[in-house]
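Visitor: here is my input, please return the structure:
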Amino acid sequence: MSDFGNLKKIKTRKPHTCLFCQRTIPVNTEAYNYKGMWEDTWQNNYSCETCQTNDAISGDASEGISGDEFHDWVREQSWADCPECKASYSEIDFEWSEDEKTLIFECSDCGKKWEHFIGFGASEVVV
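Guide: Numbering: from 1, shown residues only. Just a heads-up that it's a prediction; the model follows:
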């Protein structure tokens, strides 16, 4: 069976989870919805505008996607390295802030904590 689908920009009527960053996409927020067949499985996925419009995260949806791509993208950003001891992202843990708009990092080498804003609907990531 061939793969096919439709990616459509929508405004949410209820909360959804972003396929890439796993944040909750709030009600009344512009997001993307993919419906279709991928590798003989029906898909109905949502992605936030920040992830979907960044090719480094989302790639080409027709080629298939993975939540791991978000972590790979974060790993490539200079703001993900520790500003104190310069440890690379691979040595660093992060979590989402309570409002799910900011990444909170903690270096496992020196214990330094820092934040990086990635808000919904941002056309690019802001330091």
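
Visitor: what segments of this protein are strands?
Guide: Using DSSP state E, the strands of the chain run over residues 4-11, 16-17, 24-25, 30-38, 41-48, 92-96, 102-107, 113-117.

Visitor: pull the residues that contact the third one.
Guide: Right, the one you point to is strand 24-25. Residues outside strand 24-25 that contact it (C-beta atoms under 8 Å, 6 or more residues apart in numbering): 12, 15-18, 31, 46, 48, 100, 120. For the C-beta atoms, the positions are set from N, CA and C on the backbone; glycine is no exception.

Visitor: just the closest of those residues to Asp81, please.
Guide: Checking those against Asp81 by C-beta to C-beta gives Glu100 as the nearest, at 22.5 Å.

Visitor: how about that closest one, what does it touch?
Guide: Residues in contact with Glu100 (C-beta under 8 Å, 6+ apart) are 23-24.

Visitor: one more: Tyr32?
Guide: 7-10, 46-49, 52.

Visitor: ditto for Asn28
Guide: Neighbours of Asn28 in contact, by C-beta under 8 Å, 6+ apart: 11-13.

Visitor: hmm, try it at 10 Å
Guide: Contact analysis of Asn28 by C-beta atoms under 10 Å, 6 or more residues apart in numbering lists 11-14.
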